[in-house]
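[1] what's the 3D shape of this:
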Amino acid sequence: MMALSPEAPQERPENNPRVRLTGLTPERVLAGGMSLVYLCRSTVHDDGVVAVKRLRPQLFSTEDDVARFMRECFLWLQLGRHPNIVTAISAHKAPHEPPMLVLEYVPGSLREALRGGPLGVERTLRLAWEVTQGLRYARAQLPDFVHADLKPENILLDDVSAAKITDLGLARALLARPSGDLTDDDDAGAGTPLYMAPEQVDGPAVPASDIYALGCVLFEMLSGIPPYGVPDNTVDYRLQHRYGTPLPLSTLSPHVPADLAALIHRCLAKRPHERPDPVEIGRVVRAVAAPLRVSLPAHEPSGPDVSTIREAIRGLVNLGFADDAIDSYNRSTARRPEISDDEHTRYLMVRALNDQRRWQEAEEHLDWLAERMADADDVWQGALTGERARVSLAAGRRAEALQLFARSARMIPQSSVAWSNLAILLHGEDLVEDAVVAMQMAMLRSLNLFYLGALAGWLVDLGRPREALRYAEVAVKIHPRELAARGLVLLAERAMADLPDGDRPASPLALLGDVGTSVRDSVNRAVDHLLSDDFQG
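    Presented below is the predicted three-dimensional model:
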């Protein structure tokens, strides 16, 4: 993802619950525009290090900003893997928290390379080839794809200086439906002034806008300055893009081959239809490179493999794009029938179909999985049981669903989701004491704000406001920027003033045996630790 420099502003990512993912340890932070990017050490990814990108907390309540970030997640997941595009590894969305993208970490950027001055013809040819290959692939995967913010900061360089396109924050495509109420007009004028195509100045970017931006980048790589010189101000440069004439590259850099200089000036044409497309750029670059003996990678765009498709579908499901996940699965299996034999992808389809209330289809996948995974471990069986419980609940078979959720929690006791599902259903059945115990089990596994809020609210309802206040205080300590956490404290304090603290014993929780009594001491110890001075929130 984004290159992280030593001078990046430092925060304390290890204390931020929003980047606590299994196997990841945040180390450094680089502040972006609408997002934060964390460099994380990983024990679950091959390279040992990844980048985690998430929306800034203060923007999470702004619908347009959330819609743009979700659109970025959607596009990145749909692109899959290509050597000249930063890879989206996975995506996650916890309840009431900003979405996150786990991305390939790339150590350098073109902007850093340009600090040493012009980069020469050979390196420029290679980068032009690699970026156009990335654009060709993106357009093949996503019709009408436009990046809309190509610039040296968004072209990363790996350990062998291969270029990778990054940051899809302004990108759009024909299939990019999860964007709320955003329209093209909402992105009008968005971009970086030094690399903004004329049509972007007061309108939305089009695919040819990326070619103009690439022309600006290549001009700067060869000459050391932007096409219209160093601007006095942003307004001046926008006017130059609209009406100005680029400086003559052949005069600034006489060593540049004439065909390459002509190509770059064609990329800078004012009218989008006069600019070359990525295929033509690649053809000219190869023709210029041949007599100079510049080797270019032979990679051609190809479709994603099964694991890439699976992870894209997983990310779509995690982010709540269930209908898009189903569409992606159907399109992919039409091209690659072997995907339907992948157990993990089938399980993701169960989740997506459940979310879309297509329960009969979900049960068909579950029956296939039950037969295929008959000898699987408890983790698999517990997950499948939990999904079957969701189907039963949706079909109105609440008693059956309750038994299945309880069985799922017993099979995978380490899963906060299994316990919270059980807790919510128990609460819906007015078994509030049992629901509290089940939600406490979930909280011991994840300090999710939703879990803490549910516990505080349910305990207030039970007439136990002092206990509720403890969970509310934990919520504030773990989620200090969340207004909802502070609201829990007010709720509990108000209940303290109005109600006596009834020390009611918990029910035996018949579905789960003696778990109610065994969990209480663990919960109390955990809450005491979280509220102590030794724990830094």
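
[2] Strands along the chain, start to end?
    24-31, 35-42, 49-55, 88-92, 100-104, 108-109, 155-157, 163-165 (DSSP state E).

[3] Using TSV, lay out the ones you listed together with mean pLDDT and distance to P257.
    Any C-beta I mention is one placed from the backbone N, CA and C, and that applies to glycine too. Below are the strands of the chain laid out as TSV (pLDDT from 0 to 100; distance: least, Cβ to Cβ, whole Å):
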stretch	mean pLDDT	distance to P257
strand 24-31	65	37
strand 35-42	80	37
strand 49-55	85	36
strand 88-92	85	36
strand 100-104	88	33
strand 108-109	92	26
strand 155-157	95	22
strand 163-165	96	20
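
[4] Switch these over to TSV; also include distance to A269 and mean neighbour count.
    As requested, the strands of the chain are exported to TSV (distance: least, Cβ to Cβ, whole Å; neighbours: other Cβ atoms under 10 Å):
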stretch	distance to A269	mean neighbour count
strand 24-31	35	17
strand 35-42	33	22
strand 49-55	34	23
strand 88-92	33	23
strand 100-104	33	24
strand 108-109	27	19
strand 155-157	21	25
strand 163-165	22	24
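
[5] Straight-line length of stretch 151-162, end to end?
    16 Å (Cα to Cα, to the nearest Å).

[6] just so I know, which of the strands of the chain lies nearest A394?
    Evaluated over the strands of the chain, closeness to A394 peaks at strand 88-92, with 24.0 Å, by Cβ to Cβ.

[7] okay, which residue is most central for this structure?
    With distances taken as Cα atoms, centre = their mean, L101 lies nearest the centre of the chain, 2.4 Å away.

[8] State the distance from Y243 to K270.
    8 Å (Cβ to Cβ, to the nearest Å).

[9] Okay, buried residues for stretch 329-336 please.
    Neighbour-count burial for stretch 329-336 flags Y329, S332, T333 (criterion: 16 or more other Cβ atoms under 10 Å).

[10] Of the residues you listed, which is the nearest to E274?
    Using Cβ to Cβ, those come closest to E274 at S332, 37.0 Å.

[11] Spatially, what comes nearest to the closest one if we skip its sequence neighbours?
    Distances taken as Cβ to Cβ, 6 or more residues apart in numbering place I309 nearest to S332, at 4.8 Å, with adjacent residues excluded.

[12] Which helix in this structure has the most residues?
    Counting by DSSP state H, the longest helix found in the chain is helix 121-141.

[13] Check which helices and strands it sits against.
    helix 63-79, strand 163-165, helix 207-223, helix 258-267, helix 278-289 (3 or more Cβ pairs under 8 Å, 6 or more residues apart in numbering; DSSP states H and E).

[14] give me that answer again for 7 Å
    Counting contacts by 3 or more Cβ pairs under 7 Å, 6 or more residues apart in numbering; DSSP states H and E, helix 121-141 packs against helix 63-79, strand 163-165, helix 207-223, helix 278-289.

[15] Mind putting the ones you listed into a markdown table with distance to V146?
    Conversion of the helices and strands packed on helix 121-141 to a markdown table gives the following (distance: least, Cβ to Cβ, whole Å):
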| stretch | distance to V146 |
| --- | --- |
| helix 63-79 | 10 |
| strand 163-165 | 12 |
| helix 207-223 | 5 |
| helix 278-289 | 12 |
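
[16] Select from the ones you listed the stretch with the lowest mean pLDDT.
    When the helices and strands packed on helix 121-141 are compared by mean pLDDT, helix 63-79 comes last with a mean of 82.

[17] Isn't the residue nearest to the centre of the chain up against R71?
    No: L101 lies out of contact with R71 (Cβ atoms under 7 Å); the separation is 12.0 Å.

[18] need the contact list for the nearest residue to Q133 once chain neighbours are set aside.
    Excluding its sequence neighbours, the residue lying closest to Q133 (Cβ to Cβ, 6+ apart) is N84, at 5.1 Å. By Cβ atoms under 7 Å, 6 or more residues apart in numbering, the contact set of N84 is E130, V131, Q133, G134, A163, K164, I165.

[19] and the residues you listed, which two are the farthest apart?
    Q133 and K164 (10.8 Å).

[20] if we can go back for a sec, quick one, what contacts the residue nearest to the centre of the chain?
    Counted by Cβ under 7 Å, 6+ apart, L101 has contacts K53, C73, W76, A88, A91.

[21] mind listing what's buried in stretch 423-442?
    Buried residues in stretch 423-442 (16+ other Cβ under 10 Å): 423-427, 431, 433-442.

[22] so of the residues you listed, which ones are in helices?
    Per DSSP H, the subset of the buried residues of stretch 423-442 in helices is 423-427, 433-442.

[23] From the residues you listed, pick the one nearest D323.
    Of these, the one sitting nearest to D323 (Cβ to Cβ) turns out to be I424, at 23.6 Å.

[24] Tell me the pLDDT of the closest one.
    At I424, pLDDT is 93.

[25] switch to numbering from 31
    Shifting the count to begin at 31 puts that one at I454.

[26] could you point out where the stretch 231-380 of the chain is predicted with low confidence?
    329-334 (pLDDT under 70).

[27] can you do 80?
    261-266, 328-335, 338 (pLDDT under 80).

[28] ranges for the helices of it?
    237-253, 264-273, 279-282, 288-297, 308-319, 336-348, 352-365, 373-385 (DSSP state H, counting those that start in this stretch).

[29] what's the closest of the ones you listed to L186?
    Among these, the nearest to L186 by Cβ to Cβ is helix 237-253 (12.9 Å).

[30] quick one: that closest one to helix 288-297, angle?
    140 degrees (axes from the mean of the first three to the mean of the last three Cα atoms, to 10 degrees).

[31] With that, I have no additional questions.
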